[in-house]
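J.: sequence first, then the predicted structure:
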Amino acid sequence: MWDFSVGGALGMMGRTLPFILLRIAVYFGITLGYILVTGVGAGVGYGIGGFAEEGLHASATMWGGIAGFSIFGAIMYWAREYILYIVKAGHIAVLIELIDGKAMPEGRSQITHASAVVKERFPQASVLFAIDQLIKGVIGAVSGLVRGILTILPIPGARQLGAILSAFLRIAVGFIDEVILAYAIRTNSDNAWMSAKEALVLYGQNYKPMLKNAAWLALIVYGLSFLVFLVMLAPAALIVYLMPGAWAAGGVVFALLFAWSVKAAVLEPFAITCMMQVYFKAIEGQQPNPEWEAKLEQLSGKFRKLKDKAFGAQAHATPKIDSSQVG
């Protein structure tokens with residue numbers, strides 16, 4: 001059915017509890033920020049609406065809430081690379097050490113240790129974020145290849161099936177990009193771009209088991225997220241009721257935010273831990289296949305860009321090594 005161990009993944013998550021608690025604090029804090037800033041915006045709109053005609057009161061409240069929600073959303077958009085750098089990559093770093101059987105620092109020192117590992121591999125948050133964006137583009141191209149294969153098969157409804165599968169894969173492959181980053185951390189390479197390139201070629205070679213397990217995990221994670229959404233509808237509706245000028249759609253929006261925070265804080269690290277099990281088992285003993293590298297280079301412009309960055313970083317590093325040897 002699937003190739004990962006649920007018990008093993010939960011065990012590793014338990015051993016990285018400081019990071020789980022950090023993720024809970026960050027993602028629930030973001031949800032609380034959305035609620036508070038939206039509430040302030042609604043309050044401002046409510047106050048302004050008091051000076052307007054009676055029919056515009058509710059409208060001003062609604063637009064004030066939307067403005068507050070949008071402003072906080074823009075802040076989170078700009079903060080996303082630092083969340084990836086500090087929270088996600090750090091958690092991946094300690095999970096890698098568990099997979100490799102290394103001793104794990106306890107308590108707060110676990111987060112400090114992981115941050116040092118990430119900074120050693122990726123000196124700047126912007127570099128990690130740029131690599132992650134290119135990785136996502138290449139993974140999307142591979143899932144598009146799967147859809148293309150389906151559409152040319154002589155099966156009735158294959159094109160429609162391919163479109164549905166492609167939409168599902170776009171959700172499922174969201175767990176894979178961080179696994180590629182895990183490889184870049186695990187290799188201890190000074191050239192993170194090259195490590196990411198190699199990891200993507202190895203992913204391409206093993207795309208069938210990777211996509212199969214990603215699909216199972218998508219069903220598990222989004223199924224549980226939907227249950228959280230249903231449970232949170234009532235308290236979210238209460239929060240909206242307590243806001244000035246109740247916003248009818250707010251309960252659904254806030255319930256979605258609560259479900260997202262549970263998914264990001266707890267369910268996503270579980271899925272990524274499972275995918276790391278699958279990936280490192282699948283690539284064990286393998287070397288990047290030049291045929292798959294050529295295929296990815298033809299398939300994805302982002303892979304070509306990643307490859308250029310990798311060789312550019314390698315060329316830039318070589319003179320430093322040579323000059324030190326000469327001196």
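T.: It's in.

J.: looking at this protein, which helix or strand is least sure?
T.: The helix or strand of the chain with the lowest confidence, counting by mean pLDDT, DSSP states H and E, is helix 158-172 at a mean of 62.

J.: what about Lys305, neighbour count?
T.: Lys305 is flanked by 15 other residues according to other CB atoms under 10 Å. No exception for glycine: its C-beta is placed from N, CA and C like everyone else's.

J.: other SSEs contacting the helix or strand containing Leu227?
T.: If you go by DSSP states H and E, Leu227 is part of helix 207-242. For helix 207-242, the packing partners by 3 or more CB pairs under 8 Å, 6 or more residues apart in numbering; DSSP states H and E come out as helix 125-151, helix 158-172, helix 250-262, helix 268-282.

J.: output the helix or strand following the least confident helix or strand of the chain as PDB, nothing but the C-alphas.
T.: Remark: after helix 158-172, the chain's next helix or strand is helix 177-186, criterion DSSP H and E. What follows is helix 177-186, C-alpha atoms only, in PDB (Å, rounded to 0.1, in the frame of the first residue of the first chain):
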ATOM      1  CA  ASP A 177      10.300  19.800  -2.100                       C
ATOM      2  CA  GLU A 178      11.500  19.700   1.600                       C
ATOM      3  CA  VAL A 179      12.700  16.100   1.100                       C
ATOM      4  CA  ILE A 180      15.000  17.400  -1.700                       C
ATOM      5  CA  LEU A 181      16.200  20.100   0.700                       C
ATOM      6  CA  ALA A 182      16.900  17.200   3.200                       C
ATOM      7  CA  TYR A 183      19.200  15.600   0.700                       C
ATOM      8  CA  ALA A 184      21.100  18.900   0.300                       C
ATOM      9  CA  ILE A 185      21.500  19.100   4.100                       C
ATOM     10  CA  ARG A 186      22.500  15.400   4.500                       C
END
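
J.: ok so, going back, quick check: buried residues in the helix holding Leu227?
T.: 207, 210-211, 213-218, 220-222, 224-225, 228-229, 232-233, 236-237, 239-240 (16 or more other CB atoms under 10 Å).

J.: quick one: contacts for Ala199?
T.: Residues near Ala199 by CB atoms under 8 Å, 6 or more residues apart in numbering: 179-180, 183-184.

J.: can you rerun that using 6 Å?
T.: 180, 183 (CB atoms under 6 Å, 6 or more residues apart in numbering).

J.: give me phi/psi at Ser5?
T.: phi -100, psi 110 (degrees, to the nearest 10).

J.: between the helices and strands packed on helix 207-242, which has the poorest mean confidence score?
T.: Among the helices and strands packed on helix 207-242, helix 158-172 carries the lowest mean pLDDT, a mean of 62.

J.: pretty sure Leu233 contacts Phe254?
T.: No. Contact criterion CB atoms under 6 Å: Leu233 and Phe254 do not qualify, at 8.9 Å.

J.: flag the shaky bits of the stretch 151-300 of the chain, pLDDT-wise.
T.: 151-172, 240, 242-250 (pLDDT under 70).

J.: my guess is Ala141 meets Leu299, correct?
T.: Yes. Contact status for Ala141 versus Leu299: in contact at 4.9 Å, counting by CB under 6 Å.

J.: Thr187: neighbour count?
T.: Neighbours of Thr187 (other CB under 10 Å): 17.

J.: how near is it to Val26?
T.: 27 Å (CB to CB, to the nearest Å).

J.: try Lys302
T.: Taking CB to CB, one finds Lys302 at 28 Å from Val26.

J.: same check on Ala67?
T.: Distance from Ala67 to Val26, by CB to CB: 24 Å.

J.: try Gly101
T.: The value you get for Gly101 to Val26, if CB to CB is used, is 28 Å.

J.: now swap in Tyr85 and tell me
T.: Counting by CB to CB - Tyr85 and Val26 are separated by 12 Å.

J.: those two - which one has more neighbours?
T.: Counting neighbours by other CB under 10 Å for Tyr85 and for Val26 shows that Tyr85 has the greater number, 21 against 18.

J.: which residues does the more buried one contact?
T.: 125, 128.

J.: ramachandran angles for it?
T.: phi -70, psi -50.

J.: same thing with Ala42?
T.: phi -70, psi -40.

J.: if I look at Ile96, how far off is Arg186?
T.: 5 Å.

J.: likewise Pro235?
T.: Distance from Pro235 to Arg186, by CB to CB: 41 Å.

J.: now Glu291
T.: The value you get for Glu291 to Arg186, if CB to CB is used, is 24 Å.

J.: now swap in Ala282 and tell me
T.: 14 Å.

J.: kindly report the same for Leu219.
T.: From Leu219 to Arg186 the distance is 27 Å (CB to CB).

J.: buried residues, stretch 9-23. List them.
T.: For stretch 9-23, burial by neighbour count (16+ other CB under 10 Å) applies to 9, 12-13, 15-16, 18-20, 22-23.

J.: I'm done for today, thanks for sticking with me.
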